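Q: Sequence plus predicted model, see below.
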Amino acid sequence: MIKRILVGVSGTPSTGSKIDYILDLAQRHEAKLDILSIIDVDRLSHVGMVPIGAGGMAEMLRKDRIKQSAENATAAIQTVIARANEQGVPYTQLLAEGDPFKILAEHWQYNDLCVLGLRDWFDHGVVPDPEDVLLHLAKEGVRPILAVGEGYRPVRKALINFNGTKSSANAMKRFVQMCLWPGMHLHIMAVEPSAAKAAVLLDRAADYCRDHGYPVTTQHETGDPTTTILKTQREQDCDVIVMGVSFHRALLHTVFSEVTLGVIKGSDVPIFMNH
């Protein structure tokens, strides 16, 4: 059950599909929307090296970027509000300035699901690696995240990537328990060199999902996980991919799974992520 949905909007290409997904979910679950748009003034103000004598031009560029971002954010919020009003979906709204990580994390404390763009962010492409941003948010506790692309499609079938790790189990269980789209079919896949190990993993995962009332099919594959996940999604015509967010520490940095990053970059359907 979900009753509060946090959605980040900014006028980026995924805004239209975000609206379709959140309104669908809000109506199904009689949930309230928390509509949030954040202007990252510090990052927008960074325009790189400025030649001598070009300080005035740089300042104009900074102001223009901030102004344009604010206008896009305001327009996006108004679009969401208009659609929500049309469909009788309750909401709150906030246009904020500051660090997107801190602001989003603060608001996340009072919501059940966070909906963001797969490959865009609040400040219109200023962040160089938006895929990393999604994973950092999940690592810091903003989860689960439903990351959507530019197109909308009704959700009838989900592909669950399950490899026996804690993060993949957490993602599967959270997705199943939330029952975002009741009645959907679950296709559970294990990309695993050992057929014997895959059989055990898939049997246990399928039993868990069936006990929660879902129709389930399973599939064992070998090979490159990223390529296999994306290929299976297309072949099985799945409408959402469910996967865990895995990472490890390397010296002073957090290194995210190349599989997760690869699927985010290559997917045409939403990804439900949990750590």
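A: Received the coordinates, thanks. Residues are numbered from 1 along each chain as shown.

Q: Okay, and Val80 sits in which element?
A: Assigned by DSSP states H and E, Val80 belongs to helix 55-87.

Q: Pretty sure His187 sits in a strand.
A: Yes - under DSSP: H, G, I helix; E, B strand; the rest coil, His187 sits within a strand.

Q: Helix, strand, or coil at Tyr214?
A: Classification of Tyr214 using three-state DSSP returns coil.

Q: Look up the pLDDT of the residue lying closest to it once chain neighbours are set aside for me, please.
A: With sequence-adjacent residues excluded and distances taken as C-beta to C-beta, 6 or more residues apart in numbering, Tyr214 is closest to Leu186, at 4.8 Å. Every C-beta, even on glycine, is put in place using the N, C-alpha and C of the backbone. At Leu186, the model reports a pLDDT of 98.

Q: Would you enumerate the residues in contact with Leu186?
A: Leu186 is in contact with 157-158, 160, 176, 209, 214-217, counting by C-beta atoms under 8 Å, 6 or more residues apart in numbering.

Q: buried subset of these?
A: 157-158, 160, 176, 209, 214, 216 (16 or more other C-beta atoms under 10 Å).

Q: Mind putting these into TSV with distance to Lys67?
A: Shown next, in TSV, are those (distance: C-beta to C-beta, whole Å):
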residue	distance to Lys67
Lys157	43
Ala158	41
Ile160	44
Val176	45
Cys209	49
Tyr214	48
Val216	51
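
Q: Report the two of the residues you listed separated the most.
A: The two members of the buried ones among the contacts of Leu186 with the most space between them (C-beta to C-beta) are Lys157 and Val176, at 14.0 Å.

Q: on that earlier part again, JSON lines for the buried ones among the contacts of Leu186, including pLDDT?
A: Output for the buried ones among the contacts of Leu186, formatted as JSON lines (pLDDT from 0 to 100):
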{"residue": "Lys157", "pLDDT": "98"}
{"residue": "Ala158", "pLDDT": "98"}
{"residue": "Ile160", "pLDDT": "98"}
{"residue": "Val176", "pLDDT": "98"}
{"residue": "Cys209", "pLDDT": "98"}
{"residue": "Tyr214", "pLDDT": "97"}
{"residue": "Val216", "pLDDT": "98"}
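
Q: ok, so of those residues, who is nearest Asp239?
A: Closest to Asp239, out of all of the buried ones among the contacts of Leu186 and judged by C-beta to C-beta, is Lys157, at 5.6 Å.

Q: That closest one touches Gln236, doesn't it?
A: Yes - shown here, Lys157 and Gln236 form a contact pair, counting by C-beta atoms under 8 Å, at 6.9 Å.

Q: Need the overlap of contacts for the two.
A: His187.

Q: For the stretch 151-275 of the chain, just list every one of the strands.
A: Along the stretch 151-275 of the chain, the stretches classed as strands by DSSP state E, counting those that start in this stretch are 157-161, 185-191, 216-221, 240-244, 247-250, 253-256, 271-274.

Q: now for these, which one comes closest to Met172?
A: When the strands of the stretch 151-275 of the chain are compared by C-beta to C-beta, strand 157-161 sits nearest Met172, at 5.2 Å.
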